[in-house]
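[1] How does the following fold in three dimensions:
(one chain, ligands or ions: 1)
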Amino acid sequence: MKPPPHTLDAQPFAYRYELPHTALVIIDMQRDFVEPGGFGESLGNDVTKLQSIIPTCQAVLSAWRQAGGLVVHTREAHAPDLSDCPPAKRLRGEPRLRIGDDGPMGRILIAGEPGHQIVPQLAPRVGEFVIDKPGKGAFYATPLHALLQGRGITHLVFMGVTTEVCVQTSMREANDRGYDCLLVEDGTASYFPEFKQATLDMIRAQGAIVGWTSPAAPLIESLYK
Ligand code: TIU
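    Next comes the predicted model:
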């Protein structure tokens, strides 16, 4: 017999999911955004603001792994020859270092460099998917949708950084592709706390126009019910 779906209290109303049809998607928890000397700091941001979510992300990841759910990690990165980096992205503004420049963690936002690595606390395990993406959204120019479709995934649980940039973009892309999405409120962070709050509010407004939000605790609890 089919097991009953998991349910948790979420905003704006209960979120129901079946674990075999749900993936945990962790957006861009890489050194370039959360450690000094990477892309995030080059844009003028205080990267320490993002580090506080790591233990929560670890707790959700650990519970999800124990329950046997599918895990997807993403990393924002460009090819070393910058062939997938539009000049508009590289040349915008007056950052301290531009994408592709040499920095303390290797070339900024380039695949294979130290800054491209996911933080050790959330390091991917064998069997988990790691998607390198050249844009903000996890679906743009990546095999993610095909991969999820191939596994019968209909629901996505999001964590990661930054809330209003890559997380929100990915969640909107997912919503338009038909996935029911939940964002873990204390598993996502922004360099601008007010932008995080606004993003949570706009995602769940209008009857979950983009998706649901909930803290990590009820999500973890739901895995054991
Ligand atoms: N700058 C910023 O807030 N974010 C990004 O550039 N990328 C991601 O959000 N991953």
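[2] In contact with G152, which residues are there?
    Taking CB atoms under 8 Å, 6 or more residues apart in numbering as the definition of contact, the neighbours of G152 are P20, H21. Quick note: C-beta positions are derived from backbone N, CA and C, even for glycine.
[3] Test for you: state the pLDDT assigned to it.
    At G152, the model reports a pLDDT of 98.
[4] where does it fall, helix, sheet strand or coil?
    Here G152 is recorded as coil under DSSP: H, G, I helix; E, B strand; the rest coil.
[5] From the ligand, how far out is it?
    Separation of G152 from the ligand (CB to the nearest ligand atom, to the nearest Å): 27 Å.
[6] Equivalent analysis for G115, please.
    For G115, the distance to the ligand equals 12 Å [CB to the nearest ligand atom].
[7] Surely that residue touches F39?
    Yes. Between G115 and F39 there is a contact at 6.9 Å, judged by CB atoms under 8 Å.
[8] Now list whatever residues contact both of these two.
    When CB under 8 Å, 6+ apart defines a contact, the residues bordering G115 and F39 alike are D32, I108, L109.
[9] Return the subset of those lying in helices.
    With helices defined by DSSP state H, the entries of these inside them are D32.
[10] and the longest strand seen in the chain, anywhere near the ligand?
    Secondary structure of the chain per DSSP state E: the longest strand is strand 180-189. No. Using CB under 6 Å from any ligand atom as the criterion, no contacts between strand 180-189 and the ligand are found, and the smallest distance is 9.8 Å.
[11] Export only the CA atoms of that strand, formatted as CSV.
    The C-alpha coordinates for strand 180-189 follow below in CSV (Å, rounded to 0.1, in the frame of the first residue of the first chain):
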residue,chain,number,x,y,z
ASP,A,180,4.9,22.6,-5.6
CYS,A,181,7.7,24.4,-3.8
LEU,A,182,8.4,25.0,-0.1
LEU,A,183,11.1,27.4,1.1
VAL,A,184,12.7,26.7,4.5
GLU,A,185,12.6,30.1,6.2
ASP,A,186,15.6,29.6,8.5
GLY,A,187,17.5,27.7,5.9
THR,A,188,17.8,30.7,3.6
ALA,A,189,19.6,34.0,4.0
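[12] So which residues make contact with it?
    With CB under 8 Å, 6+ apart as the test, strand 180-189 has contacts from 10, 15, 17, 27, 49-50, 52-53, 56-57, 60, 154-163, 167, 171, 174-175, 196, 200, 203, 210-216, 219.
[13] Only whichever of those residues are buried, select them in PyMOL.
    Those of the contacts of strand 180-189 that meet the burial criterion (16 or more other CB atoms under 10 Å) are gathered into one PyMOL selection, given here:
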select buried, resi 10+15+17+27+49+50+53+56+57+60+155+156+157+158+159+160+161+162+163+167+171+174+175+196+200+203+210+211+212+213+214+215+216+219
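[14] Name the member of the shared contacts of G115 and F39 with the most neighbours.
    L109 (30 neighbours; other CB atoms under 10 Å).
[15] give me every residue that touches it.
    Contacts of L109 (CB under 8 Å, 6+ apart): D32, G38, F39, E76, A77, H78, I99, G100, G115, H116.
[16] ok, now with 6 Å
    Neighbour list for L109: D32, F39, A77, H78, I99 [criterion: CB atoms under 6 Å, 6 or more residues apart in numbering].
[17] Same question for I26.
    Residues touching I26, when contacts are defined by CB under 6 Å, 6+ apart, comprise H73, M159, G160.
[18] Out of those residues, which is nearest to P124?
    Out of the contacts of I26, the one with the shortest distance to P124 is H73. That distance is 4.8 Å, counting by CB to CB.
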